[in-house]
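Engineer: Generate a structure from the sequence data that follows.
(2 chains, ligands or ions: 4)
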Amino acid sequence: MEQAELRQWEYKCIQEESPRCTAACPLHVDARECCSLLAARRVDKAWAVLAKTMPLPGVLARICDAPCKAACLRKDKGGSIEMGALERFLADAAQSPKPPRPLPRNGKSVAVIGGTMTGLCAAWEIARKGFAVTVYCTRPDVGVVLPDGVLDGELAVMDRMGVTIERDAALTPELVEAQLEGRDAVFIDSDGVPETMLTFGEPDEITLGTNRLGLFVGRTGETSPVFMAAAGRRAANSILRFSQGVSMVKSRELEGPYETRLYTRLDKVDPVEPVPADGGYDEAGAVREAARCLKCECMECVKGCVYLKHYKQYPKVYIRQVYNNEAIVRGTRQANKLINSCMLCGLCGTVCPEDFAMDDVCLEARRRMIDKGTMPPSAHEFALRDMAFADGVKCALARHAPGATESEYVFFPGCQLTATDPGGAERAYADLRARLGKVGLILRCCGAPARWSGREALFEESLAELKAAWEGLGSPRIIAACPSCIKTLREAMPDAEIVSHWSILNALGLPETALRAGGTLAVNDPCAAREDGALRADVRGLLDALGVSMVEPEYNGELTQCCGYGGLLNEVDPELGQAAARARAEAVAEDYVTYCAMCREMIARTGKRTMHLYDLLYPGDGEPGARPTPGHSERRENRVRLRERLLRELWSEADGVSAEDFEKIRMTCTEAGAAAMEARRILTSDVQKVLLQAERSGRHLVHGETGRFLASFRPAVVTYWVEYESRDDGYLVHNAWCHRMKIKGGQP
Amino acid sequence: MSVITVPGTGAGGWRCAACDEDMVMKPVELTYLNSQFTVELPVCPQCGYVLIPEHLALGKMYQVEQLLEDK
Ligand code: SF4
Ligand code: SF4
Ligand code: SF4
Ligand SMILES: [Zn+2]
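Structural biologist: Numbering: from 1, shown residues only, chains lettered A, B, ... in the order given. Ligands and ions are numbered 1, 2, ... in the order given. The predicted model follows:
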């Protein structure tokens, strides 16, 4: 990623923009943080937030006219936060923190002429920057009567900061001339000096500079205490720039109030009236009022995505991690997992006010990792092996309808449906043939796993095979049922007409087999259907025809959430994938119906009753929601057997694939053995290969007590270990484990 | 190269069936992604069959694999 691209993405995410209170405050006091601490009864800490930003905080906090109130986002939800009253409570109740430590003395000195709030604040701010400051005034006067000792207390702090106050000074034009002569810069607090001294014209709005070099002047007539303080700070900033000889005007847009880009959603916020502030707050009142603060932030994307939540930050932070990850030449790439865990579901970009698409960021990053060879080898391997298997000789198939020599349509059930519900896929195909006639069949994968893993070359390879099969059938219209297949193929095969099975069924009417059981079901939209309103409507049309009353989860339709399988999350971080599935499962009380085979599996595996629409349209024997969720090996077998059966029954062909030797190994597993294999993604075929190897070589271990055997084999890049017993009718597998490290020169 | 020993790694009752020998602890070279380690592991003294116990494969070894993949 280029740095310019990083900057563009960073700019898009507005989560770090200031809340409206801070943006409207000319001093940019962090009212949000202050309220947050006060709401947690951390009175001293809340005060420290104010004291850090305000000059003469003991004074200013008691007299601030709170322009933040007019901007506060709470305004239309009960009323703005009473920030002024909260500041007064804190000024009275809190222990003062240590006064600010000025920067080391820079050896320069400044005169401030005039002692109102503006002049005093200017002196405070100039002193903080390391200048020696002398204030010439009649007497310090902030214009209001304060409790005894408050002003003197702050003046004492200023004294320690290096500010000298000359009281009863003769405020004359000669004083100005003398100071300009002897100092590095002079600031005139124009409301604190006689009018006769104001002979320098209107100062510049941004710099407060005049046509006399080194002379800065406050504008007259300012009555708001906080704007007076802000004028003092502006003067201090100008004097620092002036003394350093840098630009007087560059990048000063954020001094003083500005418009913030922060977005905060309000539709779920209930209105709450302010706690009445007359007579000032006691602690309980102040805490309650502070708790009304909305702690304005965006986080829209994070709220809806378990993945974004899991990594504890938000896209502006993540994009930098992605960028840094790429820049690493030697050392650990900490963000690989972050990049590989996005479900690529597109929800974030849909809810983000600035269209920040984390999926684009992560997919691009994966592609670059593939190009550079930095993708962790194990990340997507299992899914890609499964895809290769689905596209391999044992599963893939392309035929015209039995007896036909051409195809008007071709049915493409996809590799997940055939793996999880081969019977449903078979019945669907029979129905399509019965009602549409010349419907061919293509069994294979659409290539989505290759695409999700960032392997475009592999995707193109798989696509080329699919295209060849399709063209071999005369390029018929493709009927696809899986929303991911539909989306992937529509993007990748613009020449093909891809129609969804659901729209065909809407036109044809329900199949004879349909279960019109009615009842109430929650509809789960798969993330691949996010941008396909027609698809979602077709599904609802069918459910309506089935007599189902539908319930919609909060996140659904355009705003649906991924089940945890998308982007191969469940391969990369199974725990997080399951968390996504659980979030989906817990979103509704009703049973689910969905129309993506993976959504069905992921959600059903959490224990939530979930059916695929095929379970209602093309039901098998069991109860629709109770269909089991097959394990990794069984999913493969389902595909193989479906192909064999269809070839035999529809086309009277043998499958033409001779069984490999390892497939003849007969084995069963104990419950523990099967569970270990499933959790560790070890397939029956992997175990069979180990057993065959042990049988042939005679090399294996034996346990001194249990008499069980243990053997290993490394068919490709993973070494598998199997603990087993030999029985008359084959082997009984008790346990299995695997590793990727290779034993040098060791057993095969 | 120094030999790594992983506490708790032993033959756990396994012996070589082909040679009828008890396993002995010996340095074994393991490789992954251009990295090489010498680890003390149970080995058949006669035929050299190496045992990678379950807890090692799923524990320390897995951690190191993941670390190397991110390098
Ligand atoms: S929705 Fe997310 S990415 Fe977009 S601005 Fe908000 S926090 Fe940033
Ligand atoms: S609700 Fe709180 S954070 Fe938001 S603008 Fe008001 S004071 Fe600031
Ligand atoms: S999983 Fe979906 S919502 Fe979350 S970051 Fe990725 S694309 Fe966005
Ligand atoms: Zn041996």
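Engineer: Tell me, how many residues neighbour the residue in chain B positioned nearest to ligand 2?
Structural biologist: Nearest residue of chain B to ligand 2 (CB to the nearest ligand atom) works out as B:D70 at 38.8 Å. For the C-beta atoms, the positions are set from N, CA and C on the backbone; glycine is no exception. Other residues near B:D70 come to 17 when the count uses other CB atoms under 10 Å in any protein chain shown.
Engineer: how close does the residue most central in space within chain B sit to A:G746?
Structural biologist: For chain B, B:L41 is the residue whose C-alpha lies nearest the centre (CA atoms, centre = their mean; 4.1 Å). Per CB to CB, to the nearest Å, B:L41 is found 10 Å from A:G746.
Engineer: Okay, and the residue nearest to the centre of chain B sits in which element?
Structural biologist: strand B:35-43 (DSSP states H and E).
Engineer: Tell me where chain B has helices.
Structural biologist: B:54-58, B:60-69 (DSSP state H).
Engineer: if we look at the longest one, which residues are touching it?
Structural biologist: Yep, that's helix B:60-69 we're talking about. The contact list for helix B:60-69 (CB atoms under 8 Å, 6 or more residues apart in numbering or on different chains) reads A:332, A:336, A:376-379, A:739-741, B:6, B:30, B:32-33, B:35, B:37, B:52.
Engineer: Now chain A against ligand 4: closest residue?
Structural biologist: Nearest residue of chain A to ligand 4: A:R699, at 7.2 Å (CB to the ion).
Engineer: for that residue, phi and psi?
Structural biologist: Note on A:R699: backbone dihedrals following degrees, to the nearest 10 are phi -100, psi 120.
Engineer: How about it, nearest residue that isn't a chain neighbour?
Structural biologist: Nearest residue to A:R699 in three dimensions, chain neighbours excluded: B:A18, at 5.2 Å (CB to CB, 6 or more residues apart in numbering or on different chains).
Engineer: Please name the residues that touch that neighbour.
Structural biologist: Counted by CB under 8 Å, 6+ apart, B:A18 has contacts A:698-700, B:44, B:47, B:49.
Engineer: Which of those are buried? Put it as a PyMOL command.
Structural biologist: Those of those that count as buried under 16 or more other CB atoms under 10 Å in any protein chain shown are selected in PyMOL with:
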select buried, (chain A and resi 699+700) or (chain B and resi 44+49)
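Engineer: Export the contacts of B:A18 to JSON lines and append columns for distance to A:M358.
Structural biologist: Formatted as JSON lines, the contacts of B:A18 follow (distance: CB to CB, whole Å):
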{"residue": "A:G698", "distance to A:M358": "54"}
{"residue": "A:R699", "distance to A:M358": "50"}
{"residue": "A:H700", "distance to A:M358": "49"}
{"residue": "B:C44", "distance to A:M358": "52"}
{"residue": "B:C47", "distance to A:M358": "53"}
{"residue": "B:Y49", "distance to A:M358": "48"}
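Engineer: restrict the contacts of B:A18 to contacts with ligand 2.
Structural biologist: Among those, no residue sits close to ligand 2 (CB under 6 Å from any ligand atom).
Engineer: Quick one: mean pLDDT over stretch A:517-533.
Structural biologist: Averaging pLDDT along stretch A:517-533 yields 96.
Engineer: next one: stretch A:468-477
Structural biologist: 98.
Engineer: And it, what's buried?
Structural biologist: For stretch A:468-477, by 16+ other CB under 10 Å, it's A:469-470, A:473, A:476.
Engineer: Quick one: end-to-end distance for it.
Structural biologist: 14 Å (CA to CA, to the nearest Å).
Engineer: Show residues contacting it.
Structural biologist: So stretch A:468-477 is contacted by A:396, A:398-400, A:406-410, A:438, A:440, A:442, A:444, A:478, A:493, A:495-499 (CB under 8 Å, 6+ apart).
Engineer: ok so, going back, write the ChimeraX selection for whichever of the contacts of helix B:60-69 are buried.
Structural biologist: In ChimeraX syntax, the buried subset of the contacts of helix B:60-69 is picked out as below (16+ other CB under 10 Å):
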select /A:336,376,378,379,739,740,741 /B:30,32,37,52
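Engineer: Filter the contacts of helix B:60-69 down to just the ones in strands.
Structural biologist: Among these, DSSP state E puts A:739, B:30, B:32, B:35, B:37 in strands.
Engineer: what's the overlap in contacts for B:L41 and A:G746?
Structural biologist: With CB under 8 Å, 6+ apart, B:L41 and A:G746 have common neighbours B:28, B:50.
Engineer: re earlier: hmm, the residue of chain B closest to ligand 2 is touching A:S378, no?
Structural biologist: No: in this structure B:D70 lies outside contact range of A:S378 using CB atoms under 8 Å: 10.7 Å.
Engineer: so how far is the helix or strand bottoming out on mean pLDDT in chain B from its chain's centroid?
Structural biologist: Ranked by mean pLDDT, DSSP states H and E, the helix or strand of chain B with the weakest confidence is strand B:3-4, at a mean of 92. Distance of strand B:3-4 from the chain centroid (CA atoms, centre = their mean, to the nearest Å) equals 10 Å.
Engineer: what's it packed up against?
Structural biologist: Other elements packing on strand B:3-4 under the criterion 3 or more CB pairs under 8 Å, 6 or more residues apart in numbering or on different chains; DSSP states H and E are strand B:35-43.
Engineer: which ones are touching the residue of chain A closest to ligand 4?
Structural biologist: A:711, A:747, B:17-18, B:47, B:49.
Engineer: Any regions of chain B where pLDDT drops low?
Structural biologist: Chain B contains residues with pLDDT under 70 at B:1.
Engineer: Pull up the residues of it that are close to ligand 4.
Structural biologist: Selection of chain B residues close to ligand 4 by CB under 5 Å from the ion yields B:16, B:18-19, B:44, B:46-47, B:49.
Engineer: Out of these, which comes closest to A:N340?
Structural biologist: B:Y49 (36.0 Å; CB to CB).
Engineer: Now the closest one: closest residue in space that isn't a chain neighbour?
Structural biologist: Here the residue nearest B:Y49, using CB to CB, 6+ apart, is B:C16, at 5.4 Å.
Engineer: for the one you found, what are its contacts?
Structural biologist: A:701-702, B:22-23, B:44, B:46-47, B:49.
Engineer: and it, what are its bridge partners?
Structural biologist: Judged by DSSP bridges, the bridge partners of B:C16 are A:L701, B:E21.
Engineer: measure it to ligand 1 for me?
Structural biologist: Distance of B:C16 to ligand 1, given as CB to the nearest ligand atom, to the nearest Å: 59 Å.
Engineer: Against ligand 3, how distant is that residue?
Structural biologist: In terms of CB to the nearest ligand atom, B:C16 sits 49 Å off from ligand 3.
Engineer: ditto for A:M375
Structural biologist: Taken as CB to the nearest ligand atom, the span from A:M375 to ligand 3 is 18 Å.
Engineer: okay, now the residue nearest to that residue when sequence neighbours are not counted: neighbour count?
Structural biologist: Among residues not flanking A:M375 along the chain, A:M369 sits closest, at 4.2 Å (CB to CB, 6+ apart). Using other CB under 10 Å, A:M369 has 21 neighbouring residues.
Engineer: now do A:L240
Structural biologist: Using other CB under 10 Å as the criterion, the residues surrounding A:L240 number 21.
Engineer: Please list all residues in contact with it.
Structural biologist: A:L240 neighbours (CB under 8 Å, 6+ apart): A:126, A:129.
Engineer: hang on, the earlier thing: give me the pLDDT for the residue nearest to A:M375.
Structural biologist: Here the pLDDT value assigned to A:M369 is 96.
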